[in-house]
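*Asks:* fold the following.
(chains A, B, C and D)
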Protein chains: 2
Amino acid sequence: MSQGNGTKDKISPRVIERLTKYLRCLESMSPDDYISSEEMAERMGLTAAQIRKDLSNFISEFGEGFGVRGKGYQVRILYSGIERILGVHKTNNIIIIGAGRLGSALLSEPEFTKESFNVIGIFDSAEHKVGREMSGLKIRNISELDYFLETKDRVDIAILTVPKAVAQEMADKLVSAGVKSLLNFAPLKIKVPENVVVANIDLYAKLQELNYWKEKVL
Amino acid sequence: MSQGNGTKDKISPRVIERLTKYLRCLESMSPDDYISSEEMAERMGLTAAQIRKDLSNFISEFGEGFGVRGKGYQVRILYSGIERILGVHKTNNIIIIGAGRLGSALLSEPEFTKESFNVIGIFDSAEHKVGREMSGLKIRNISELDYFLETKDRVDIAILTVPKAVAQEMADKLVSAGVKSLLNFAPLKIKVPENVVVANIDLYAKLQELNYWKEKVL
DNA sequence: TAGATTGTTAATCGATTAACAATC
DNA sequence: TAGATTGTTAATCGATTAACAATC
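*Replies:* Predicted coordinates for the structure are as follows:
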């Protein structure tokens, strides 16, 4: 069953992951230039076939494919096309749960000055933090969450930077308040209903993986 | 060509990624208990066959497989077996490059109080930071890196939390000082020689991926 | 012994690569 | 037109699942 927009169903997570890498590769290029799948592949350490295959899953805003036969892909068109696919051509509102060091670090990430993601709130449960300012945002009490979600702008994504021990509880609060997607930094598997998506960033797991590979490359 | 230890060659990254998840699943269990692949699968949302297949790539410290036919896997044995595979049964020394908010946040992560990873140094290039203490570690000048690596303990992994603009430069410094594995938080592809491994954590890319999936689940 | 569950082999499925006709 | 490079189909490769004999 097709989706109506020009996208084939069931795109694999692997493809979406690579799309974000394509953006990274393109962002340092001049928008008017054309780049061939061959050159992109070279730069990114992939095969040209894979890139063309990935992109062929989608169609551009206008006609069909992103590329021009004989020329390659125009950086501008490919870039904005991928942005559109990922839904980052518009602003998405974010709240951060947990005003600890990690939450604070994320809040001041230079990437968050881009337009596609906009942090509109930060929450904590520690009384002594509530009310203080952090990168220009007032820290709110977790208990205000429901009120906030009812009265403020739509929240697209909540980033969980709370300790492991309270992560599931916070996730439950967020879900029952109507948040539909979570980026979780706590080192555990958050349980959510089927209509909620969770992405995880697990520093410790990454370190463990890296530790395995470093032994193999010797 | 086999490796001599009981491990088959060419384990896929996917398998290693799942091993870290198996650890997470097991750490909340009683070490003496037995768990079946069926139950683990249930808890983690995988198939039992996949878990058995994954584990069958390796052999335990003693005899052969990790499991006992008819009983399942003893938590203690499986846990320490996976730790051994990942090389986290011993302490690995880490340095953090970049004493900004992110570096500071990582330094105080509760996970770093575990024994397997030990932060032995933190570096920055900003004069006003050098010499200050952070979670009990003195911030050192980047220029001391070579000296540090020559005189201190072995450095197993360097974590890069510097701004994008200087990330490649810092990576080069680390590589030429002899560091063999990097965990990179800067949103770009670090170029390194073949005998160096790099793992990446890209917050922004993860957000973009999540943003794609959240639209699909509606 | 009967029941349970592993470890492994074979079957299926999905993802990557190769090849090439379409076309700029 | 000739040369280049896409988009797509077919071939290959690898990873997951199913099935079952081995064995606790």
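
*Asks:* by contact count, what packs against the helix or strand hosting A:Ile16?
*Replies:* Assigned by DSSP states H and E, A:Ile16 falls within helix A:13-26. Here helix A:13-26 touches helix A:37-44, helix A:48-55, helix A:75-86, helix B:203-217, going by 3 or more CB pairs under 8 Å, 6 or more residues apart in numbering or on different chains; DSSP states H and E. Yep, even glycine has a C-beta here, placed from its N, CA and C like the rest.

*Asks:* near chain B at all, the helix or strand that it is followed by?
*Replies:* Sequence-wise, the next helix or strand downstream of helix A:13-26 (DSSP H and E) is strand A:34-35. No - using CB under 8 Å from any CB of the partner chain, strand A:34-35 stays clear of chain B, coming no nearer than 15.5 Å.

*Asks:* just checking, what packs against strand A:34-35?
*Replies:* strand A:72-74, helix A:75-86.

*Asks:* can you give me the buried ones in the helix holding A:Ile16?
*Replies:* Applying a neighbour-count criterion of 16 or more other CB atoms under 10 Å in any protein chain shown, one finds A:Val15, A:Ile16, A:Arg18, A:Leu19, A:Thr20, A:Lys21, A:Tyr22, A:Leu23, A:Arg24, A:Cys25, A:Leu26 buried in helix A:13-26.

*Asks:* kindly state the beta-bridge partners for the closest residue to A:Ala99 other than its chain neighbours.
*Replies:* Distances taken as CB to CB, 6 or more residues apart in numbering or on different chains put A:Asp124 closest to A:Ala99, at 3.9 Å, once the chain neighbours are dropped. Taking DSSP bridges as the rule, A:Asp124 bridges to A:Asn141.

*Asks:* then the one 10 residues further on?
*Replies:* Partner residues in beta bridges with A:Met134, using DSSP bridges, are A:Leu137.

*Asks:* which residues sit in contact with the residue nearest to A:Ala99?
*Replies:* Shown in contact with A:Asp124 (CB atoms under 8 Å, 6 or more residues apart in numbering or on different chains): A:Ile97, A:Gly98, A:Ala99, A:Gly100, A:Gly103, A:Val130, A:Ile139, A:Arg140, A:Asn141, A:Ile142.

*Asks:* the third one is in contact with A:His128, isn't it?
*Replies:* By that I understand A:Ala99. No - using CB atoms under 8 Å, A:Ala99 is not in contact with A:His128, being 10.5 Å away.

*Asks:* neighbour count winner among the two?
*Replies:* A:Ala99 (23 against 8; other CB atoms under 10 Å in any protein chain shown).

*Asks:* phi, psi for that one please.
*Replies:* Per-residue torsions, A:Ala99: phi -100, psi 40 (degrees, to the nearest 10).

*Asks:* where's it relative to B:Phe62, distance?
*Replies:* A:Ala99 sits 48 Å away from B:Phe62, going by CB to CB, to the nearest Å.

*Asks:* still on that earlier bit, want to throw the helices and strands packed on helix A:13-26 into CSV with mean neighbour count and mean pLDDT?
*Replies:* What follows is these, written out as CSV (neighbours: other CB atoms under 10 Å in any protein chain shown; pLDDT from 0 to 100):
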stretch, mean neighbour count, mean pLDDT
helix A:37-44, 16, 98
helix A:48-55, 17, 98
helix A:75-86, 20, 97
helix B:203-217, 20, 96
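
*Asks:* could these be laid out in CSV, adding distance to A:Val198?
*Replies:* Converted to CSV, these look like this (distance: least, CB to CB, whole Å):
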stretch, distance to A:Val198
helix A:37-44, 27
helix A:48-55, 24
helix A:75-86, 17
helix B:203-217, 8
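
*Asks:* out of the ones you listed, nearest to A:Val217?
*Replies:* Evaluated with CB to CB, the helices and strands packed on helix A:13-26 place helix A:37-44 nearest to A:Val217, the distance being 20.0 Å.

*Asks:* other SSEs contacting that closest one?
*Replies:* Contact here means 3+ CB pairs under 8 Å, 6+ apart; on that basis helix A:37-44 packs against helix A:13-26, helix A:48-55, strand A:72-74.

*Asks:* next, the angle helix A:75-86 makes with that helix.
*Replies:* Between helix A:37-44 and helix A:75-86, the angle comes out at 70 degrees (axes from the mean of the first three to the mean of the last three CA atoms, to 10 degrees).

*Asks:* what lies in contact with helix A:37-44?
*Replies:* Contact with helix A:37-44 is made by A:21-22, A:25, A:46-52, A:55, A:67, A:72-73, B:189, as judged by CB under 8 Å, 6+ apart.

*Asks:* can you name the residues of chain A sitting close to DNA strand C?
*Replies:* A:12, A:14-15, A:46-47, A:49-50, A:52-53, A:68-71 (CB under 7 Å from any atom of the strand).

*Asks:* which of those come close to DNA strand D?
*Replies:* Filtering these for proximity to DNA strand D by CB under 7 Å from any atom of the strand leaves A:Ala49, A:Arg52, A:Lys53, A:Val68, A:Arg69, A:Gly70, A:Lys71.

*Asks:* so who does the residue of chain A found nearest DNA strand D touch?
*Replies:* Relative to DNA strand D, the nearest point of chain A is A:Gly65 (2.0 Å; CB to the nearest atom of the strand). Counting by CB under 8 Å, 6+ apart, A:Gly65 touches A:Leu55, A:Ser56, A:Ile59.

*Asks:* which parts of chain A sit against DNA strand D?
*Replies:* Along chain A, the residues adjacent to DNA strand D under the rule CB under 7 Å from any atom of the strand are A:36-38, A:48-49, A:52-53, A:55-56, A:64-73.

*Asks:* give me the neighbour count for the closest residue to DNA strand C within chain A.
*Replies:* Closest approach of chain A to DNA strand C (CB to the nearest atom of the strand) occurs at A:Gly70, with a separation of 2.3 Å. For A:Gly70, the neighbour count with other CB under 10 Å is 7.

*Asks:* any idea how far A:Ser36 is from it?
*Replies:* In terms of CB to CB, A:Gly70 sits 10 Å off from A:Ser36.

*Asks:* and A:Leu46, how many neighbours does it have?
*Replies:* For A:Leu46, the count of nearby residues is 17 (other CB under 10 Å).

*Asks:* for it, helix, strand, or coil?
*Replies:* Three-state call for A:Leu46 (DSSP: H, G, I helix; E, B strand; the rest coil): coil.

*Asks:* what are the buried residues along stretch A:179-195?
*Replies:* Buried, per 16+ other CB under 10 Å, within stretch A:179-195: A:179-190, A:192.
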